[in-house]
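*Asks:* turn this into a structure:
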Amino acid sequence: MKQSIFTVVSNEAIAKNIYKIVMSGDTSEITAPGQFVNILVDSCFLRRPISVCDCEGDTLTLIYKVVGRGTEILSGMSAGKKLDVLTGLGNGYDLSTSGENPVLLGGGVGVPPLYLLAKELIAQGKKVSVVLGFNTADEVFYANEFAALGADVTVTTADGSLGVKGFVTDALPENYSYFYTCGPEPMLRAVYKKTATSGQMSFEERMGCGFGACMGCSCKTVTGYKRICKDGPVLRKEEILWED
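*Replies:* Presented below is the predicted three-dimensional model:
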């Protein structure tokens, strides 16, 4: 973990209530797709955890949804604004177990961390399929960006306004070697039940500290409780115990 000052390069809306912020700063602690950063937002006591969408050189790209006061303040920040950011948080995805044709399943703001993952898997020569799930067409983002990487992209919407009507589990490819996923817990539960292979699941949790001190984001596993911010956010399918 490292605390650094980042400078906002751009910050713009890319879909309904969805913003992409590009910042420059020290990204040396970001070492795996699926990690997150924790941003100190003006007049907010707790930092805001946001998954890393892309990281190249000293450029960091984050995508976030405006859901409360902190993200609303963040959405109003313009180029040149300085932000206090904790980087290198979380364990990230393990690419070594992907096989030759992994599928990536993302729901809503669970989509962004899969972008860097897809980028790295494709760079390894893997044939990557991506299924992106949203509620409506006006919430869809980054489908073209995944396609530009060379991924086979399918979009699903709950209301059928774009792509396949339904959820990401309704658009699973027939054949895949492994799965990676990120999204809300109901989606993760559905993916857990529907997938035929092993895989890795990135959890979205409310976090107090972001580095394991407060124990506020614990998840029950076969080896006891794990902290989503420190031991996760990525857990393997086989270690998860779902609470009823």
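
*Asks:* CA only for contacts and neighbour counts going forward, please
*Replies:* Fine.

*Asks:* mind listing the helices for the protein?
*Replies:* Assigned by DSSP state H, the helices in the chain fall at 69-75, 112-123, 143-149, 185-194.

*Asks:* how far is the last one from where the chain is centred?
*Replies:* When you say that, I think you mean helix 185-194. Distance of helix 185-194 from the chain centroid (C-alpha atoms, centre = their mean, to the nearest Å) equals 16 Å.

*Asks:* got the buried residues for that helix?
*Replies:* Neighbour-count burial for helix 185-194 flags Glu185, Met187, Leu188, Val191, Tyr192 (criterion: 16 or more other C-alpha atoms under 10 Å).

*Asks:* dump these into CSV; add distance to Ser24 as well.
*Replies:* What follows is the buried residues of helix 185-194, written out as CSV (distance: C-alpha to C-alpha, whole Å):
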residue, distance to Ser24
Glu185, 32
Met187, 33
Leu188, 32
Val191, 35
Tyr192, 37
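
*Asks:* Val22 reaches Phe6, doesn't it?
*Replies:* No - counting by C-alpha atoms under 8 Å, Phe6 is not a contact partner of Val22; they are 9.7 Å apart.

*Asks:* how confident was the prediction at Glu173?
*Replies:* Just to correct that, residue 173 is Pro rather than Glu. Per-residue pLDDT puts Pro173 at 96.

*Asks:* OK, contacts around it?
*Replies:* Neighbouring residues of Pro173 by C-alpha atoms under 8 Å, 6 or more residues apart in numbering: Val103, Ser129.

*Asks:* residue numbering should commence at 703 henceforth.
*Replies:* All set: I'll call the first residue 703, so the last point we hit is now Pro875.

*Asks:* from Gly885, how far off is it?
*Replies:* Distance of Pro875 to Gly885, given as C-alpha to C-alpha, to the nearest Å: 18 Å.

*Asks:* show me the domain layout of this structure.
*Replies:* Per the record, the chain has its domains at 704-791, 797-906, by automatic domain parsing.

*Asks:* so which of the helices of the chain is the most packed in?
*Replies:* Among those, helix 814-825 has the highest mean neighbour count (mean count of other C-alpha atoms under 10 Å), at a mean of 22.

*Asks:* what residues does it touch?
*Replies:* With contact meaning C-alpha under 8 Å, 6+ apart, helix 814-825 is reached by 735-737, 753-757, 764-765, 795, 797, 806-808, 830, 848, 851-853, 883-884.

*Asks:* mind running it again at 7 Å?
*Replies:* Here helix 814-825 makes contact (C-alpha atoms under 7 Å, 6 or more residues apart in numbering) with Pro735, Gly736, Ser753, Val754, Cys755, Asp756, Ile765, Leu806, Val830, Phe848, Leu851.

*Asks:* by neighbours, which of the residues you listed wins?
*Replies:* When neighbours are taken as other C-alpha atoms under 10 Å, the top entry among the contacts of helix 814-825 is Gly736 (30 neighbours).

*Asks:* so it makes contact with Gly794?
*Replies:* Yes - the pair Gly736 and Gly794 qualifies as a contact (C-alpha atoms under 7 Å) at a distance of 4.0 Å.

*Asks:* which one of the domains of the chain lies nearest to Trp944?
*Replies:* Within the domains of the chain, the stretch nearest Trp944 is domain 797-906; the backing value is 7.9 Å (C-alpha to C-alpha).

*Asks:* for the chain, give me the ranges with low pLDDT.
*Replies:* When residues are selected by pLDDT under 70, those of the chain lie in 906-920, 922, 925-932, 934, 946.
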